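Peer 1: I would like to see how this sequence folds:
(2 chains)
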Amino acid sequence: MKLNTILVVDDDENDQFICEYTIRKFDPTIKILKAHDGTEALTLLETVTPDGIILDINMPVMNGFEFLDHYASRFRVHAPVVAMLTSSHLGTDRERAMRYAFVKNYFEKPLTIKHLSQMQELLSG
Amino acid sequence: MQSEHRHSQLTGILAGLWCILVGVGMMAAWLAEPASLAERYPSFFGMKFNAAFAFLLIGIAFLLALARYHVLPILLMVPVFVYGTLALSQHLFGLDLGVDELFYRPFVDIGTSVPGRIAPNTALCFMLASLAIMLRALRGGPDLLQVACAYLSVIIAATSLVGYIVALEGAHDWIAFTRMSLQSASCFLAVGIGVLYSGSRSAAGKTAIAVSLAITTYLVLLSLAYVKVQSQMLATLPAHPEALATTATTILNLILISGAIYVGLLAYSYWNSKRYRQSTSFLGESQRRLAAIIDHAIAGILTIGEDGTILSANPACQQIFGYQPSELIGRSVKMLLPEGERAAGANVLRTELLAGGEREARRKDGSTVPIDISVARVELSEGTIYTAIIRDISERKHFEQQLLTANAELEEFAYRTSHDLRSPIASSIGLLNISRELLENGEYDALGSTLGRMERNFNRLDGLIQNIIVLTRDRLLDEEDQTILVHDVVQSQADTLANLETENRVRIGNYVDPQLTIRNKPSKFEVIVGNLLSNAIKYHDPQEPEPRVDIYLEERPGSVRLIVEDNGIGVPEEKRQFLFRMFKRLHPSRSFGSGLGLYILKKSAESLGGTATYEPKEKGSRFIVELPNEDGGK
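Peer 2: Numbering: from 1, shown residues only, chains lettered A, B, ... in the order given. Just a heads-up that it's a prediction; the model follows:
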């Protein structure tokens, strides 16, 4: 199965820009959805279920973990590949994120073609 | 000690008075010459007129010596000493020196060999007593020779006195028909005891003297009696009935042995009482020492009975619990437990208290105090008691809490900085990769905007680092209080911000009295003002036709309130609890802050001993920083 839609959740404009650029380069046919924090993302997900979600942890209003809690409890159908994309590997963030069944990857910023290939492999395999 | 001294002084005075009384009385009796009385009670006139006069002198001299006169008692005692010496030499050498009827010719002769002549033991006692009193007058206090003289005269007098009681002539008659009279014996006894006891300060020494006097007197009497019985027996039992003689000897030996046993017991009981006195004094001493330690201990010390009754409490307990020691003693230790633990049974209580450690206690005013308690079980012959040593650890707990808070804050700071510092760098690396591709492809327009993004990234990083520097400096900076013109500080911060603000839309109203000063630390105060203003400018409402920030200063007793009001976007209610936390950016659409601004503001205010609070307005925000200001004003 091919990655058709990816939701990028990040408050930082630059990171959004990098993600968009990299995804375009990886596969220009992929449809990109954007959200700047957890609440925006949840609203969006009520209408669409993307093939993959790229999720930042540190965001104002609703951070990545708060989003994961809501996403796990309120939605029955989840995106097949949810990848965390974060600035640092510090602390117990990784373990905490991997406890959610639908979280498949844990990437360090910036997003690269390699990261997207891994997501594609997970979806196909 | 003082009362004992007064007591011994009294002994001396009474002795002197007794001598005067007896002396005067007997002189009067002799002068009255009651012939019928002398016939009926001949022994009453056993005391000679001269002796009575000598006793009068002795009594007066002794009182004077006690009153610390030096010359007068000696003048009085020299004649008495001479009289005693002469009287004794008459007996020794069989002379008549004419001292017997010096002042008075007796109308009756009783108990003497020559009219008016005193007994040899009386004469010797006169010598001893007058010598002792002269020495006392000379020295002003007791010495060994006085003690020896007095001791000897007391033994002679006591022996003769007891001799009257047990009808043993040898005790008062050193030579036949010349006896020491009852009155004389009593006077010598009184003076001797007076000399021995007045002025001496050691209680133990007095007891020793008393005991040895008793023992010696007894031994003298015992030997006299033995000699008398022995000689009379030999005289009256001419050795014929052998058996009877043996029995008499056995009885005599029995008397001697029983006397020896009595003396031994007396000595032993004295030695024992001395030891007991010593050990009680040691015990008292160690008790006083222990009491001093307990009374001055910083820790609270309680002793508790088996049933939980408080038996004792030291003054430190009042510091800890607020109760006077007297309010604690006799009541149950449960009164010191927090409400919830009072129901516990005595057994549970005991086990738990014995475990010791940190726990809460209830104070008199109802508040609780954290304490550290260690309890020891002490088995005594009267039962088991528990000693509890209690320390008030509220200060330690307070510091512990502060440390925990500081630690948690530091941890969060490390976590957040590592993330927030890396974040712009990570995105710059991404942007750099993109820029290189754009350059290779010759897409210069896109390259320009990407480089612009990178620039903003680095500016953001720089801002964050500046903030961290401020925070660190703020934490470490130890500056002196200075007089600050608040109006000028606000104006200079506003000018700086106006230069940075490209749009320059926000109008800053400085309503602080230009004359008003406060005493505080200037750089921290500048940080506070700067943060309040930049925050208000950052979060102004772009839709607002006239965005503005107004600054006021309110004076209160002992403090000032710096108030910064804006008509900006405000803070939604559900987010207000996060306002002063580090790395909280509450406005997603305008996330250009480091998330440290209000945290720095709060920390700065707290380090100045003040507070920072937020109040919502109908439109916009109101931040209030209250700072202590003791001697502020114009």
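Peer 1: What's the local residue count around A:Asn14?
Peer 2: By other CB atoms under 10 Å in any protein chain shown, the residues close to A:Asn14 number 23. Where C-beta positions appear, they are placed from N, C-alpha and C, glycine not excepted.
Peer 1: Just give the closest residue to it, not the sequence neighbours.
Peer 2: Distances taken as CB to CB, 6 or more residues apart in numbering or on different chains place B:Ser427 nearest to A:Asn14, at 4.3 Å, with adjacent residues excluded.
Peer 1: does the spatially most central residue of chain A belong to a helix or a strand, and which?
Peer 2: With distances taken as CA atoms, centre = their mean, the residue of chain A nearest its centroid is A:Ile54 (1.5 Å). Element membership of A:Ile54, judged by DSSP states H and E, is strand A:52-55.
Peer 1: Pull out the CA atoms of that strand and give them to me as CSV.
Peer 2: Only the C-alpha atoms of strand A:52-55 are listed here, as CSV (Å, rounded to 0.1, in the frame of the first residue of the first chain):
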residue,chain,number,x,y,z
GLY,A,52,0.6,8.5,8.3
ILE,A,53,0.9,11.1,11.0
ILE,A,54,4.2,13.0,11.7
LEU,A,55,3.8,14.3,15.3
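Peer 1: model confidence over it, on average?
Peer 2: In this model, strand A:52-55 has a mean pLDDT of 94.
Peer 1: Would whichever helix or strand comes after that strand count as contacting chain B?
Peer 2: Next along the chain after strand A:52-55, taking DSSP H and E as the criterion, comes helix A:64-74. No. Helix A:64-74 is not in contact with chain B by CB under 8 Å from any CB of the partner chain; minimum separation 11.5 Å.
Peer 1: Let me see the mean pLDDT of helix A:64-74.
Peer 2: 92.
Peer 1: What is the strand holding A:Ile54 packed up against?
Peer 2: Contacts defined by 3 or more CB pairs under 8 Å, 6 or more residues apart in numbering or on different chains; DSSP states H and E place strand A:52-55 against strand A:5-9, helix A:64-74, strand A:81-86.
Peer 1: Kindly report the residues of the stretch 401-550 of chain B close to chain A.
Peer 2: Going by CB under 8 Å from any CB, the residues of the stretch 401-550 of chain B near chain A are B:415, B:418-420, B:422-424, B:426-427, B:429-431, B:433-434, B:450, B:453, B:456-457.
Peer 1: in the chain, which ranges drop under the pLDDT threshold?
Peer 2: The chain I'm using is chain A. For chain A, the stretches flagged by pLDDT under 70 are A:90-91.
Peer 1: The chain in question should be chain B.
Peer 2: Using pLDDT under 70, the flagged stretches of chain B are B:1-5, B:108-113, B:169-172, B:174-178, B:199-204, B:233-245, B:344-346, B:500-504, B:582-595, B:631-634.
Peer 1: Would you pull up the residue in it closest to chain A?
Peer 2: Residue nearest to chain A within chain B: B:Gly430 (2.8 Å; CB to the nearest CB).
Peer 1: on that earlier part again, contact partners for the residue nearest to A:Asn14?
Peer 2: When contacts are counted by CB atoms under 8 Å, 6 or more residues apart in numbering or on different chains, B:Ser427 touches A:Asp12, A:Asn14, A:Asp15, A:Ile18, A:Lys109, A:Pro110, B:Asn457.
Peer 1: What distance do you get for it to B:Ile434?
Peer 2: 10 Å (CB to CB, to the nearest Å).
Peer 1: Nearest to chain B: which residue in chain A?
Peer 2: A:Pro110 (2.8 Å).
Peer 1: Does that residue fall in a helix, a strand, or a coil region?
Peer 2: coil (DSSP: H, G, I helix; E, B strand; the rest coil).
Peer 1: What sits closest to it if chain neighbours are left out?
Peer 2: B:Gly430 (2.8 Å).
Peer 1: Quickly find the element holding the one you found.
Peer 2: B:Gly430 belongs to helix B:394-441, assigned by DSSP H and E.
Peer 1: That helix vs strand A:81-86, what angle?
Peer 2: Relative orientation of helix B:394-441 versus strand A:81-86 (axes from the mean of the first three to the mean of the last three CA atoms, to 10 degrees): 110 degrees.
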